[in-house]
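Trainee: Dropping a prediction and its sequence here:
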Amino acid sequence: MPYPVINTRAVILHTHPTGEANRVLTLLTEQHGTLQVFARSVRKETSRMRSAAVPYALVSSSIILSRQHILKDLRVIDPLQDIWNREPVYTSYVALLRFVHTTVPAVGHHDPVIFSLVLDAIRSYTTRPPCQTDAILLTTQVFILHRLGYVHNPDLDSMSLSTVISDTTTSAKQQRLFKKQIKEGMTWQ
């Protein structure tokens, strides 16, 4: 019986070289949460997936779901030039994706809301001024920790990330509260 193939959008959280030309990619996918996939021969110069298999890229992927998930196809959806070309925005974006990589469980966690939170943050990074990147990062981290159950704030249940980020002139008091919640959530973990 053939293994099922899924086509999904994803953000590459981490890459790890294996063998001479292979890579293991950690993807945050839209439908299946965090997945580790084996990308065969992706490091070869002739590979058409080579340019897309870079950390922090927003991609469209085709994955064979088997015992060891195998990457069948990979294409960049959005080159995110607005993020790559602005240093404070890029630094904050990388910090967010590293946070997601270390916080969201690698196996068995299928929460599509976390993927949509990351996409909302990406949209905010491309549309907001660079001076607001810290507020975007902090707000997204709190929402993700809340979604994972590490931060308990009943107010967040009725709020959306885009609403909070549109108010990103977040007061210093609100930012201190978010930082405190992150610290408590991470020490509890």
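Mentor: In hand now; what should we look at? Numbers count the residues shown, from 1 in each chain.
Trainee: what lines up beside the longest strand along the chain in the sheet?
Mentor: Longest strand in the chain by number of residues (criterion: DSSP state E): strand 5-18. If you go by DSSP bridges, strand 5-18 pairs up with strand 22-29 (antiparallel), strand 58-64 (antiparallel).
Trainee: just checking, next helix/strand downstream of the first one?
Mentor: This means strand 22-29. If you walk from strand 22-29 toward the C-terminus, the next helix or strand you reach (DSSP states H and E) is strand 33-39.
Trainee: what does that following strand rub up against?
Mentor: Contacting residues not belonging to strand 33-39 are listed as 10, 13, 18, 22-29, 49, 53, 61, 63, 68-71, 74, 104-112, 114-115 [Cβ atoms under 8 Å, 6 or more residues apart in numbering]. Any C-beta I mention is one placed from the backbone N, CA and C, and that applies to glycine too.
Trainee: can you check stretch 7-26 too?
Mentor: Outside stretch 7-26, the residues touching it (Cβ under 8 Å, 6+ apart) are 27-32, 34-44, 47, 53-63, 71, 77, 97-98, 100-101, 106, 115, 118.
Trainee: Can you mark which positions in it are buried?
Mentor: The neighbour-count criterion (16 or more other Cβ atoms under 10 Å) identifies 8-15, 21-26 as the buried residues of stretch 7-26.
Trainee: Please identify which of those residues is nearest to His152.
Mentor: Ranking these by separation from His152, with Cβ to Cβ as the measure, puts Leu13 on top at 25.5 Å.
Trainee: what sits against the residue lying closest to that closest one once chain neighbours are set aside?
Mentor: Nearest in space to Leu13, with sequence neighbours left out and distances taken as Cβ to Cβ, 6 or more residues apart in numbering, is His101 at 4.0 Å. His101 is in contact with 13-14, 26, counting by Cβ under 8 Å, 6+ apart.
Trainee: thinking again about what came up before, and the angle for the longest strand of the chain with strand 33-39?
Mentor: 70 degrees (axes from the mean of the first three to the mean of the last three Cα atoms, to 10 degrees).
Trainee: so how far is strand 5-18 from its chain's centroid?
Mentor: Its chain's C-alpha centre lies 11 Å from the corresponding centre of strand 5-18 when counted by Cα atoms, centre = their mean, to the nearest Å.
Trainee: quick check: domain ranges of the protein?
Mentor: As given by automatic domain parsing, the domain ranges for the chain are 5-78, 81-188.
Trainee: Can you lay out these as a markdown table showing mean pLDDT?
Mentor: Written out in a markdown table, the entries for the domains of the chain read as follows (pLDDT from 0 to 100):
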| stretch | mean pLDDT |
| --- | --- |
| domain 5-78 | 91 |
| domain 81-188 | 78 |
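Trainee: that older thread, check the gap between the residue nearest to Leu13 and Arg67 for me.
Mentor: As judged by Cβ to Cβ, to the nearest Å, His101 and Arg67 stand 23 Å apart.
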